[in-house]
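**Student:** Could you work out the structure for the sequence below:
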Amino acid sequence: MNKQMRQLTSIAVAFIGFTVFAQQDRSTPKVPGGLAFSEFKGYDKWEDVAVSETAGSVKAILGNPTMIKAYKEGIPDNGKPFPEGSKVVKIEWIKKKNLASPYFVEVPDTLKTLSFIEKDSKKFPNTHGWAYAQFAYDPASKTLKPSVTGAECGYTCHTRVASSDYIYTKYPPR
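**Tutor:** As a prediction, the model looks like this:
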């Protein structure tokens with residue numbers, strides 16, 4: 001990821017962290033039967049793993065120090081699983097065209113969702129150790145609400161990448 005994209009990601013993460021959570025207690029949102037937002041305290045200071053884009057949105061994928069260390073050691077491409085305590089957060093924004101740019105570029109606009117993934121084989125044995133949570137942002141109330149239930153909510157989708165220890169995102173060269 002180039003320096004400009006990392007700076008954009010850092011600015012966007014800081015902006016969202018300030019504006020969204022100034023009005024909502026970070027410890028309150030919790031997926032029923034699953035992960036709590038409070039378990040990811042400090043995520044806005046984690047290193048970037050990668051960015052991704054889907055129709056209409058852009059995502060920053062961040063990893064906690066355990067996850068980043070594993071990526072730098074070659075996991076999962078070396079055939080080893082991510083260690084216990086690995087965590088990922090995916091920040092998704094609706095994108096918009098940057099009108100100030102002299103060329104076509106789309107940038108983050110309105111927060112859409114925050115998705116969390118955590119590896120803890122003792123707590124989540126039925127999903128190969130992974131738990132998933134997603135919180136939808138409500139712009140009207142400026143709050144986050146669980147958009148799925150249970151720690152297993154993302155597991156079905158992630159079985160497609162079982163050979164990568166259930167993680168889609170690769171760690172691109174820097």
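
**Student:** Tell me who's in contact with the closest residue to Val58 other than its chain neighbours.
**Tutor:** Spatial nearest neighbour of Val58, chain neighbours left out: Lys95 (4.6 Å); criterion: C-beta to C-beta, 6 or more residues apart in numbering. C-beta: built from backbone N, CA, C; applies to glycine. Going by C-beta atoms under 8 Å, 6 or more residues apart in numbering, Lys95 touches 53, 56-58, 106-109.

**Student:** Spell out which helix or strand contains the residue sitting furthest away from the middle of the chain, please.
**Tutor:** Centroid-distance maximum for the chain: Pro102 at 30.2 Å, with C-alpha atoms, centre = their mean. Following DSSP states H and E, there is no helix or strand that holds Pro102.

**Student:** What about it? Give its phi and psi, please.
**Tutor:** phi -80, psi -10 (degrees, to the nearest 10).

**Student:** middle-most residue in this structure, spatially?
**Tutor:** In the chain, the centroid-proximal residue (C-alpha atoms, centre = their mean) is Lys90; its distance is 1.6 Å.

**Student:** Run through the bridge partners of that one.
**Tutor:** Listed beta-bridge partners, Lys90: Ile61, Ser115 (assigned using DSSP bridges).

**Student:** From Ala70, how far off is Val148?
**Tutor:** Distance, Val148 to Ala70, by C-beta to C-beta, to the nearest Å: 25 Å.

**Student:** that older thread, and the residue nearest to Val58, how far is that from Glu73?
**Tutor:** For Lys95, the distance to Glu73 - C-beta to C-beta - is 33 Å.

**Student:** Next SSE downstream of the one helix or strand in the chain whose mean pLDDT sits lowest?
**Tutor:** Ranked by mean pLDDT, DSSP states H and E, the weakest helix or strand in the chain is helix 3-21, scoring a mean of 53. Per DSSP H and E, the first helix or strand lying C-terminal to helix 3-21 is strand 47-54.

**Student:** which strands and helices sit next to that next one?
**Tutor:** Strand 47-54 sits against helix 3-21, strand 57-63, helix 65-72, with contacts defined as 3 or more C-beta pairs under 8 Å, 6 or more residues apart in numbering; DSSP states H and E.

**Student:** Any idea how far the second one is from the middle of the chain?
**Tutor:** If you compare the mean C-alpha spot of strand 57-63 with that of the full chain, they lie 6 Å apart, counting by C-alpha atoms, centre = their mean, to the nearest Å.

**Student:** and it with helix 65-72, angle?
**Tutor:** Strand 57-63 runs at 100 degrees relative to helix 65-72, counting by axes from the mean of the first three to the mean of the last three C-alpha atoms, to 10 degrees.
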